[in-house]
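**Student:** missing the sequence, but the structure's below:
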């Protein structure tokens with residue numbers, strides 16, 4: 001390689017050096033960022049409509065769920081509270097009219113369980129959509145937003161879909177043991193579930209993990225990001241985010257397009273690398289590891305919510321009205337995924 005590649009001796013040589021740098025560095029980086037961040041449509045920017053009577057009814061039910069499940073710490077360090085949360089969730093699903101399946105397993109001397117209900121697809125029953133959330137809380141936290149909010153949304157989505165007949169099979173799953181020290185281990189509830197699905201050869205075509213979805217702030221500067229993303233996204237934490245890995249990019253595009261078509265609510269999305277801080281921090285990561293396409297739907301948790309993993313993560317911190325609006329948009333996403341084949 002000639003020394004003039006790095007130390008040009010003329011204006012012409014400088015021109016060619018800059019051009020080479022553009023082709024070798026700038027264009028690939030720009031292309032990678034475009035691939036990750038290009039999302040169909042535009043995020044809603046206007047004023048939110050007042051909460052309707054129907055939305056208020058949903059909001060009230062979700063608030064009741066969160067208060068029952070997540071007013072006190074519930075995890076394997078508090079096994080009675082964890083079991084009580086599971087019993088409540090099971091009773092609610094049965095009250096809606098579902099037959100509930102439990103996937104029980106032991107962690108030390110504590111028995112824990114995932115909960116699953118299913119609506120069998122009418123014409124494509126072998127193709128499965130999973131809507132899931134974890135219901136355990138972090139140590140030292142009651143877990144109202146993380147993740148009583150996602151748990152409540154799963155319950156209300158299950159209610160809305162109970163009388164429908166989707167083409168694909170739809171499952172609503174509530175996972176245990178998402179929080180440390182189980183996150184990323186073989187005893188994480190979603191890992192136990194996704195590993196079993198893979199072993200059975202189940203054709204899961206999409207998975208949505210509803211993770212910490214209840215906190216919104218219109219104040220400028222309320223939203224934080226990993227450094228690489230800060231210049232590209234809003235400074236106000238008033239949106240719902242759809243996050244996927246690169247293989248899930250088409251699922252991300254389809255889901256956020258459905259959401260934006262159905263609901264006037266700010267939304268952002270990105271398909272990126274799992275190793276970036278926060279990208280794999282929920283149950284969707286267990287499905288990625290098993291080769292399934294999956295997204296996290298989130299208010300971005302630690303990047304916005306000041307009470308994340310603290311004793312102040314209580315039911316009164318949640319905006320149930322905005323949660324109800326987000327739920328309406330997610331309902332449209334699930335309906336689209338469940339009723340059209342790729």
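**Tutor:** Yep, it's here. The shown structure was predicted, so the numbers you read here are calculated from the model rather than taken from an experiment.
**Student:** Can you show me the helices along the stretch 101-250 of the chain?
**Tutor:** With DSSP state H, counting those that start in this stretch applied, the stretch 101-250 of the chain shows helices at 150-161, 189-200, 249-262, listed in chain order.
**Student:** Those helices: which one's closest to residue 275?
**Tutor:** In terms of CB to CB, the element of these nearest to residue 275 is helix 249-262, at 16.6 Å. C-beta: built from backbone N, CA, C; applies to glycine.
**Student:** can you list contacts of the next helix or strand after the closest one?
**Tutor:** Going down the chain from helix 249-262, the next helix or strand is strand 267-272, by DSSP states H and E. Residues outside strand 267-272 that contact it (CB atoms under 8 Å, 6 or more residues apart in numbering): 35-37, 39, 43-44, 229, 233-234, 239-246, 248-249, 252-253, 255-256, 259-260, 279, 329.
**Student:** Looking at those, which are in strands?
**Tutor:** 240-245 (DSSP state E).
**Student:** okay, those residues in a markdown table with distance to residue 318 and pLDDT next?
**Tutor:** Below are the ones in strands among the contacts of strand 267-272 laid out as a markdown table (distance: CB to CB, whole Å; pLDDT from 0 to 100):
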| residue | distance to residue 318 | pLDDT |
| --- | --- | --- |
| 240 | 14 | 98 |
| 241 | 17 | 97 |
| 242 | 20 | 97 |
| 243 | 20 | 96 |
| 244 | 25 | 96 |
| 245 | 28 | 95 |
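**Student:** Tell me the buried residues within these.
**Tutor:** A residue is treated as buried here by neighbour count (16 or more other CB atoms under 10 Å); on that basis the buried members of the ones in strands among the contacts of strand 267-272 are 240-245.
**Student:** Which helix in this structure has the most residues?
**Tutor:** Scanning the chain for the longest helix, with DSSP state H as the assignment, gives helix 320-339.
**Student:** picking up where we left off before, now list the buried members of the contacts of strand 267-272.
**Tutor:** Under a neighbour-count criterion of 16+ other CB under 10 Å, the subset of those counted as buried comprises 36, 39, 43-44, 229, 233, 239-245, 248-249, 252-253, 255-256, 259-260, 279, 329.
**Student:** Report the contact partners of residue 292.
**Tutor:** 194, 197-198, 204, 207.
**Student:** tell me the secondary structure for it?
**Tutor:** Three-state secondary structure (criterion: DSSP: H, G, I helix; E, B strand; the rest coil) places residue 292 in coil.
**Student:** measure it to residue 194 for me?
**Tutor:** Per CB to CB, to the nearest Å, residue 292 is found 7 Å from residue 194.
**Student:** buried residues in whatever helix or strand residue 83 lives in?
**Tutor:** If you go by DSSP H and E, residue 83 is part of helix 79-96. Of all the residues in helix 79-96, those buried under the rule 16+ other CB under 10 Å are 79, 81-82, 85-86, 88-90, 92-93, 96.
**Student:** Same question for stretch 103-115.
**Tutor:** By neighbour count on 16+ other CB under 10 Å, the buried set for stretch 103-115 is 103, 107, 110, 112-115.
**Student:** again with stretch 175-191
**Tutor:** Neighbour-count burial for stretch 175-191, with 16+ other CB under 10 Å as criterion, is recorded at 175-179, 182-183, 187-191.
**Student:** try stretch 161-171
**Tutor:** With the criterion 16+ other CB under 10 Å, stretch 161-171 contains buried residues 161, 166-171.
**Student:** Could you let me know which of the ones in strands among the contacts of strand 267-272 ends up closest to residue 310?
**Tutor:** Out of those, the one with the shortest distance to residue 310 is residue 241. That distance is 21.2 Å, counting by CB to CB.
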